[in-house]
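In: quick one: sequence plus predicted model below, questions after.
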Amino acid sequence: MMSKMKNEETKSEAVQTRGGRKTHHLRTFALTMIIAWGLGTFAFIYFYPHLMYNAFEKGIVQHGLGGGPIPVNTLYAVPNLASPSASSNLLKTGTNQDTLYIGGWLDLSKGPQVLHVPDMAGRYYSVQFTDPSDGTDFAYVGKRTTGTQAGNYLITGPGWKGTVLQGMKQISSPNNSVLVLGRVFVESDSDLPTAYGLAKQIQLTPLSGSIQ
Amino acid sequence: MLSSSGAVQGVIIGAVLAFITAQILGRTKVKKINGWFTMYGFGVPGNGMLLRAACYQIFPGPVNVPQEAMYWTTSVAGAGNYVMHFPPGGLPPNDAFWSLTMSDAKNDFVANPINRYIVSDRSGLAQNPDGSTDIYLQNTAPAGHESNWLPAPTGKFILWLRVYMPGAAILDGSYQVPPIVKVQ
């Protein structure tokens, strides 16, 4: 009799414990879910541009735009318009077919870079400078912003102190890491060689290299 | 054991919900007019965390600020012939150029017999007698309107409209891109 009662007590304890565990399990689940939901929503929104630009940096520095990897602090001009047979995957999807692209990645931690642009003779072009930490285009050189005459632009990292040489315009970057994306308008197939000739002359040099 | 698996499940479900929530919040920043999606404030410094995230969900690339270029996109369910009708003087106002790009469902260019992947201000588009312009979006050449044909795949397609150095009417939102209309 005693042992039977004891047995039943143990059983009901076991049931209670199982029930308690279930409740506990649900509570843990609900709590972590709500925390992960809240933090995750913020994280996705906050880090999304950053994650994308990490991918772009890898794409440019490691794979390039069809002409092999593009070393940091150099620019590469793609010789052709985007098409179904483009050699770079980046130029098959979601790109325009109106301009040649120029791509490169800057590291300004060791000093400023100078962007040289030739006389574009009224042609539409733009060089976009993007901060990869948030994806904002903090500066432009090009027809809309600086005109189409030849020019030299000093691109400086945060905290750079120095004198801007005469004849140069300064572009202050909020980040040492910068995506540079150029676009040079192509009027027609017969205009392609001229456009490419100009695109190739849009170049970078370190600041020291341009003191003469 | 049970509680740790509860935590793991919580994190997984929470992360999925977070991803969906971020997408839904992002969509609130997208403008949809005449079936075309666009967004203002792209790449503009100080445009806000949510707008930035939204931009890159809809246009996953290093796109321009609005003053440099504006972008619109729409997808069309497929099979059939479609027309985009610009009223007289209604082609996109700009100080550089505009173009309309055809892509398949995977956003790749659509191979076609005339090697035409875009129509633009350089395409020599023919005007209708009233000064309006029709662009024909279909798989086979529209008889008599070949000059205004933008070849489409047989199935679903995605269109991109780009306007470089857009005019004031675009930047202030008063210009409306015409809808894509199915031809009966």
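Out: Now that the structure is in, tell me what you want to look at.

In: where does the chain dip in pLDDT?
Out: Because you didn't say which chain, this covers chain A. A:1-19, A:86-94, A:209-212 (pLDDT under 70).

In: that answer is for a different chain, and I need it for chain B
Out: For chain B (pLDDT under 70), the answer is B:1-3.

In: quick one: the strands in it?
Out: In chain B, the strands defined using DSSP state E lie at B:31-33, B:36-38, B:69-76, B:82-86, B:94-104, B:118-120, B:133-138, B:149-151, B:157-166, B:180-182.

In: which residues sit in contact with the residue nearest to the spatial centre of chain B?
Out: Nearest to the mean C-alpha position of chain B, by CA atoms, centre = their mean, lies B:Thr73 at 0.9 Å. Taking CB atoms under 8 Å, 6 or more residues apart in numbering or on different chains, we find B:Thr73 in contact with B:Trp36, B:Phe37, B:Thr38, B:Ile58, B:Phe59, B:Ile158, B:Leu159, B:Trp160, B:Leu161. Placement of C-beta: from N, CA and C, glycine included.

In: one more pass at 6 Å, please.
Out: Contact analysis of B:Thr73 by CB atoms under 6 Å, 6 or more residues apart in numbering or on different chains lists B:Phe37, B:Trp160.

In: for the most centrally placed residue in chain A, helix, strand, or coil?
Out: Closest to where the C-alpha atoms of chain A average out (CA atoms, centre = their mean) is A:Tyr53, at 2.8 Å. Following DSSP: H, G, I helix; E, B strand; the rest coil, we place A:Tyr53 in the helix state.

In: apart from its neighbours in sequence, what residue is nearest it?
Out: A:Pro132 (3.5 Å; CB to CB, 6 or more residues apart in numbering or on different chains).

In: and if you look at B:Gln57?
Out: Nearest one to B:Gln57, counting by CB to CB, 6+ apart, is B:Gly26 at 4.7 Å.

In: how many neighbours does the one you found have?
Out: Around B:Gly26 there are 22 other residues, counting by other CB atoms under 10 Å in any protein chain shown.

In: roughly how far apart are A:Gln97 and A:Lys200?
Out: In this view, A:Gln97 and A:Lys200 are 20 Å apart by CB to CB, to the nearest Å.

In: do A:Glu187 as well
Out: Relative to A:Lys200, and taking CB to CB, A:Glu187 is found at 17 Å.

In: which stretches of the chain form helices?
Out: You didn't pick a chain, so chain A it is. A:2-58, A:192-200 (DSSP state H).

In: you answered for a different chain; I wanted chain B.
Out: B:2-27, B:49-58, B:168-171.

In: can you list the residues of chain A near chain B?
Out: Applying CB under 6 Å from any CB of the partner chain, we find that chain A lies next to chain B at A:21, A:24-25, A:28-29, A:32-33, A:36-37, A:40-41, A:44-46, A:48-49, A:52, A:84, A:92-94, A:96-98, A:124, A:126, A:130, A:134-138, A:144, A:179, A:181.

In: OK, contacts around residue 103?
Out: Let's take chain A. The contact partners of A:Gly103, taken as CB under 6 Å, 6+ apart, are A:Ile60, A:Leu65, A:Tyr76, A:Leu181.

In: sorry, I should have been clearer: chain B.
Out: B:Ile158.

In: what's the answer for A:Ser83, then?
Out: Applying CB under 6 Å, 6+ apart, no residues contact A:Ser83.

In: how close does it sit to B:Ser147?
Out: For A:Ser83 relative to B:Ser147 (CB to CB), the value is 21 Å.

In: hang on, the earlier thing: now distance to A:Thr148 too, for the helices of chain B, in a markdown table please.
Out: Conversion of the helices of chain B to a markdown table gives the following (distance: least, CB to CB, whole Å):
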| stretch | distance to A:Thr148 |
| --- | --- |
| helix B:2-27 | 36 |
| helix B:49-58 | 28 |
| helix B:168-171 | 22 |
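
In: ranking the ones you listed by burial, who's on top?
Out: Greatest average neighbour count among the helices of chain B goes to helix B:49-58 (a mean of 21), per mean count of other CB atoms under 10 Å in any protein chain shown.
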